[in-house]
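**Q** structure, please.
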Amino acid sequence: MAVRIVTDSTCDLPPQLRGRAGVVTVPLRLHFGDQEFRDRVDLDDDQFLRRLAQARVPPRTSQPPPGEFEAAYRELLRRPGDEVVSIHIAAALSGTCGSASAAAAAVDPERIRVVDSRSVSLGTGFQVLAAIELAAGGCPAAEIAQRLATMPGRIGILCLLDTLRYLQLGGRIGKVQALLGGALSIKPLISLGDQGAVVPVGRVRSRAAGMRRLGELLLEHRPLARLGILYVGDRDDAARLAADARRTYPGVDVMVQHASPVLSTHCGPGTLAYCYLESGA
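**A** I've put the predicted structure just below:
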């Protein structure tokens, strides 16, 4: 018996890590006008950023069709006794969990567990890492899903946006707009709420002030089990955050990753974020 792990393209774990663990990644979609692209399949990060710079408006994004999940699940469940744990971007942010759940119901609901990570990016990735470790230790899918359900309360994302434009155009500005009003020149600091919805945590006038504030906010969540830094575009500021984090949190592995094109669509170039997992009790 084996438990296989499925995730989606907004999980920003390094592809080499996912590949070594046999994780199957189902891509979300980007729509530039009438052209559809599979996230990080038809467009890599650099190709996406070039298209984004040339576009008058950001692309639309959409979840994978259920049929794509069905094909993945059927391939992974060829042997009797094998199971799947499928871990995805927060349902509050995307319909991906819905597509995965519909596919699971059509294929074999007894052997597939769909998990709403209630997070995104490396927040989802930390749960994928935990699932990989638990599966390697012989845990069945049901137990893995139960353990993952306890993790979102210890996972957080603290994010500095360079502009509100992309959240606004993507229709996800919500409570952030209520805090900041119409001042699109302000650089907002945002986080994810309990169910993965975007919530404001502050605002700054400069990027340097925002980077300092990210570090201050992160200190409130010590001790840390895992830490990742997410960026869109230029890596230099992400490298500076990583260097600061390694000094502040010695012994904690710090992962630095570019956000997937789907996430970059909604947060925009210049985004910086800490993704963290607090240590368990």
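
**Q** just list what the helix or strand that Ala245 is a member of packs against, helices and strands only.
**A** In this structure, Ala245 sits in helix 236-248 according to DSSP states H and E. Applying 3 or more Cβ pairs under 8 Å, 6 or more residues apart in numbering; DSSP states H and E, one finds that helix 236-248 makes contact with helix 207-219, strand 224-231, strand 254-258, strand 272-278. (Each C-beta comes from the backbone N, C-alpha and C, glycine too.)

**Q** the closest residue in space to Arg79 that isn't next to it in sequence: neighbour count?
**A** When the adjacent residues along the chain are set aside, Arg79 lies closest to Ala2, with 7.5 Å between them (Cβ to Cβ, 6 or more residues apart in numbering). Residue crowding around Ala2 was assessed by other Cβ atoms under 10 Å; the count is 12.

**Q** same check on Leu217?
**A** By other Cβ under 10 Å, 17 other residues sit near Leu217.

**Q** nearest residue to it in space, please, no chain neighbours.
**A** Distances taken as Cβ to Cβ, 6+ apart place Leu158 nearest to Leu217, at 5.1 Å, with adjacent residues excluded.

**Q** for the one you found, what are its contacts?
**A** Residues near Leu158 by Cβ atoms under 8 Å, 6 or more residues apart in numbering: Leu189, Ser191, Val201, Leu214, Leu217, Leu218, Ala273, Tyr274, Tyr276.

**Q** columns distance to Asp34 and mean pLDDT on top of the helices and strands packed on helix 236-248, output as JSON lines?
**A** Below are those laid out as JSON lines (distance: least, Cβ to Cβ, whole Å; pLDDT from 0 to 100):
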{"stretch": "helix 207-219", "distance to Asp34": "36", "mean pLDDT": "95"}
{"stretch": "strand 224-231", "distance to Asp34": "30", "mean pLDDT": "97"}
{"stretch": "strand 254-258", "distance to Asp34": "27", "mean pLDDT": "97"}
{"stretch": "strand 272-278", "distance to Asp34": "32", "mean pLDDT": "97"}
